[in-house]
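**Q** Sequence first, then the predicted structure:
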Amino acid sequence: MEFLILFLLWALLGRIPPNQGRFKSSGYKDASGHSLFETILDPGRNGEFLIYSCLERFGEEHKLLTNVYLPKEDGTTTEIDLIMITATGIYVFESKNYSGWIFGDENTKFWTQSLKGWKKYRFYNPIWQNKKHISALQKHLRLGNDVFRSYIVFSERCELKKMFVHSPEVKVMNRNVLFREVEDDMAQLPDRLSIFEINQIHSELSKYALADDATKQAHIDAMRWKN
């Protein structure tokens with residue numbers, strides 16, 4: 001009954017809720033601390049869940065983390081949507097659960113979302129956003145740049161109209177091709193991390209997942225002050 005109510009609510013909002021069975025079988029709830037209800041009501045969390053559940057298909061040897069609030073040198077934190085640690089490197093995902101047409105260039109500060117009725121919105125370049133996440137990870141883990149891969153993942157509800165990406169370690173895509181793109185990369189890239197290193201990195205970054213409310217609020221306040 002509860003799920004039916006949530007489904008109707010989600011339908012009124014014009015969105016598709018996550019499958020209840022898929023949610024229960026996923027490790028997303030334990031990894032994020034978000035319930036089914038919280039995931040349904042928040043488009044950002046829903047997008048992260050869909051990416052997380054997609055990456056789970058690679059198996060338990062590929063370590064996953066979500067909503068990591070990593071401390072920076074200036075005392076603030078950077079929030080990383082999803083991280084996958086595997087033998088071929090550390091894959092860092094920025095989720096954009098958007099709709100409409102998306103126009104972007106790796107070298108421009110702002111991208112554009114175009115919706116019906118010619119409504120247009122600008123948003124900060126997610127490649128730059130994820131680059132900052134990776135920079136913080138590099139400094140914290142003391143690893144070279146070649147270990148990291150950057151993925152900007154948009155929903156299936158949007159169309160990437162004009163997208164210019166120049167860096168070979170960066171990919172921008174719709175969520176429905178994510179598994180294939182990551183699978184191809186893992187098949188082509190050399191092994192860089194041992195099982196011991198994978199577990200060690202996962203253990204270290206796990207300290208900054210499941211952040212408390214104070215940490216989240218401090219992050220929000222810092223972002224507001226910065227903007």
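**A** It's in. Numbers count the residues shown, from 1 in each chain.
**Q** Now the host helix or strand of residue 224: buried residues?
**A** Residue 224 belongs to helix 213-226 when elements are defined using DSSP states H and E. Along helix 213-226, these residues count as buried under the neighbour rule (16 or more other C-beta atoms under 10 Å): 218, 219, 222. In short, each C-beta sits where N, CA and C put it, glycine included.
**Q** In this structure the second one contacts residue 68, no?
**A** The reference is to residue 219. No. Residue 219 is beyond contact range of residue 68, at 11.2 Å (criterion: C-beta atoms under 8 Å).
**Q** overlap in contacts of those two?
**A** Contact criterion C-beta atoms under 8 Å, 6 or more residues apart in numbering; residues shared by residue 219 and residue 68: residue 79.
**Q** Remind me what the lengthiest helix in the chain packs against, helices and strands.
**A** The residue-count maximum for a helix in the chain (DSSP state H) belongs to helix 126-141. Applying 3 or more C-beta pairs under 8 Å, 6 or more residues apart in numbering; DSSP states H and E, we find helix 126-141 packed against strand 63-71, strand 77-86, strand 89-96, strand 148-154, strand 170-174, helix 195-206.
**Q** Compute the inter-axis angle for that helix and strand 77-86.
**A** 80 degrees (axes from the mean of the first three to the mean of the last three C-alpha atoms, to 10 degrees).
**Q** who touches helix 126-141?
**A** For helix 126-141, contacts defined as C-beta under 8 Å, 6+ apart pick out 70-73, 78, 80, 83, 90, 92-94, 96, 104, 106, 109, 111, 143-145, 148, 150-152, 165, 167, 170, 172, 201, 204-205.
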